[in-house]
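Student: sequence first, then the predicted structure, then my questions.
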Amino acid sequence: GGALNEPPEGGGTDRVWGEGMLRELISALQAIAAEIPLVLVLEDLHGADSATLKFCARLAGGCESARLLLVLTYQPVAAILGDGQLRRLRARLLSQTGITEYTLGHFSPDESASYLRARFPDAQLAAGLAEALHRKSDGNPLFLRFMIEELLETKALQMSLGGKLGLVVDIEPFVPESVRARISQTVSELPLEIQVWLECAAQIGLEFEAAAIAWATEAKLERVEAGLAQLAKRGFLLREVGILELPNRELTGRFCFVHGLVQEVLAERPWVARRSRLHRRLAGWIEQHWGESAPAHAARLAHHFELGLAPQRAIFYWGEAARSAAHSHAFEEMRGSLARALDVAARLAANDRAEAESRISELGELLEAEVGQGETVFRSGPGRSAVGVLSRRVPSALAGFDQDLTVS
């Protein structure tokens, strides 16, 4: 940024940065570096103009013998995946000898505390401050920096008269708008197809499969995996979490957003109709690939059908999720799934709502009764099982509710 990006009034950067001026400036820096060691730092190159990037390329390529340390900082996503000059500059620099690239990873709790002490050297940190900020930022250095700046600006982070730095508000619901804006800006600078993949992934949750994204966006799996893996290497938006073998024995990469706020911002980007279509296609991917065992993913299917505006399918799968929870004796989860089914039913037309609520209540009564019997039988004798009873009686309660929509 700074002076290198600011042309005089009435002139553009091309007029300021002619070949002659570039040569003169580089010669001057070489002359200085020949006399004394020189450190030149240029920050935030992802926001620099073409003239500044051209200057960096010339300087880095022409000062091998000078005592010059050139430090360039940039947002890695823009440099790796962007289509502009910064991407070409990075590739050119990394091909030269004497050039080293360092990637800043996530802070550990101790590193977050060290950052705070360096940022506020004269302050005594309040008990739990470093831990709270680390937990909220998930150790992401950029998020931590923006969070501190916004907390200071809003006076939520204050210094007491005794010199103790502490929070005066509950930080858990705090969401820095500057972080939201930075995430949105970063994503908007990515190639359009990667933006589409990320927006689709965000509809799934914090973790997602590349194959689901390829299916829902009608893209080649290999291309999706390569793009997401390249993005994950930089660690700003994603990280890789492993490989999943699908029922058809196909392998797919699994990824995770680095922070819940990244997923939240991306999930809100598509317009409502597009979000609904994505949810329907994601549900279709699960049903297509898991077939008869799809109910094992009932809660996920219910979530997608609910947000895909397919209420009866959502009700059916919330019922399946409740049944699965009952089998596992997860009673709170069972009741939570039934409550979600009733919430969806409340949005139906009057006649359909009455039938749905009646059948959900019937399912709930069956589950409650059989779960109670199952607990008793489990303790008193292994010859009978609540699971077997449920398998015979419960499915009829919501039969037919999974037939209202064809999803491709």
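Tutor: Yep, it's here. Numbering: from 1, shown residues only.

Student: tell me who's in contact with the most centrally placed residue in the chain.
Tutor: Most central in the chain under Cα atoms, centre = their mean is residue 257, positioned 3.1 Å from the mean C-alpha point. By Cβ atoms under 8 Å, 6 or more residues apart in numbering, the contact list for residue 257 reads 201, 202, 206, 207, 237, 238, 263, 266. All C-beta spots, glycine's among them, are computed from the backbone N, C-alpha and C.

Student: and if we set it to 6 Å?
Tutor: Contacts for residue 257 (Cβ atoms under 6 Å, 6 or more residues apart in numbering) come out as 206, 263.

Student: for it, give me the pLDDT.
Tutor: pLDDT for residue 257: 92.

Student: from residue 190, how far out is the residue nearest to residue 75 when sequence neighbours are not counted?
Tutor: Residue nearest to residue 75 in three dimensions, not counting chain neighbours: residue 46, with 4.1 Å by Cβ to Cβ, 6 or more residues apart in numbering. Counting by Cβ to Cβ, to the nearest Å, the gap from residue 46 to residue 190 is 12 Å.

Student: these two - which one has more neighbours?
Tutor: residue 190 (21 against 18; other Cβ atoms under 10 Å).

Student: how about the strands in the stretch 51-200 of the chain?
Tutor: Here the stretch 51-200 of the chain has its strands, by DSSP state E, counting those that start in this stretch, at 68-72, 124-125, 157-159, 164-167.

Student: ok, now the stretch 201-350 of the chain?
Tutor: For the stretch 201-350 of the chain, the strands defined by DSSP E, counting those that start in this stretch cover 207-209, 238-245, 251-257.

Student: reformat those strands as TSV; add distance to residue 148.
Tutor: Formatted as TSV, the strands of the stretch 201-350 of the chain follow (distance: least, Cβ to Cβ, whole Å):
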stretch	distance to residue 148
strand 207-209	28
strand 238-245	23
strand 251-257	22
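
Student: among these, which comes closest to residue 61?
Tutor: strand 238-245 (32.6 Å; Cβ to Cβ).

Student: surely residue 42 meets residue 72?
Tutor: Yes. Between residue 42 and residue 72 there is a contact under Cβ atoms under 6 Å: 5.4 Å.

Student: any low-confidence regions in the stretch 251-400 of the chain?
Tutor: By pLDDT under 70, the weakly predicted segments of the stretch 251-400 of the chain are 370-400.

Student: what about 50?
Tutor: Applying pLDDT under 50 to the stretch 251-400 of the chain picks out residues 373-396.

Student: CA atoms of stretch 119-138 as CSV?
Tutor: Extracted as CSV, the C-alpha positions of stretch 119-138 are listed here (Å, rounded to 0.1, in the frame of the first residue of the first chain):
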residue,chain,number,x,y,z
ARG,A,119,0.2,-6.0,21.4
PHE,A,120,-0.3,-4.5,24.9
PRO,A,121,3.1,-4.6,26.5
ASP,A,122,2.2,-2.2,29.3
ALA,A,123,-1.1,-4.0,30.3
GLN,A,124,-1.8,-6.8,32.7
LEU,A,125,-4.1,-9.3,31.0
ALA,A,126,-7.3,-10.1,32.9
ALA,A,127,-7.8,-13.7,33.9
GLY,A,128,-9.3,-15.7,31.1
LEU,A,129,-8.9,-13.0,28.5
ALA,A,130,-6.4,-14.7,26.3
GLU,A,131,-8.3,-18.0,26.5
ALA,A,132,-11.6,-16.4,25.6
LEU,A,133,-10.1,-14.6,22.5
HIS,A,134,-8.3,-17.7,21.4
ARG,A,135,-11.4,-19.8,21.7
LYS,A,136,-13.6,-17.2,19.8
SER,A,137,-11.0,-16.8,17.0
ASP,A,138,-10.1,-20.5,16.9
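
Student: good, we can wrap up now.
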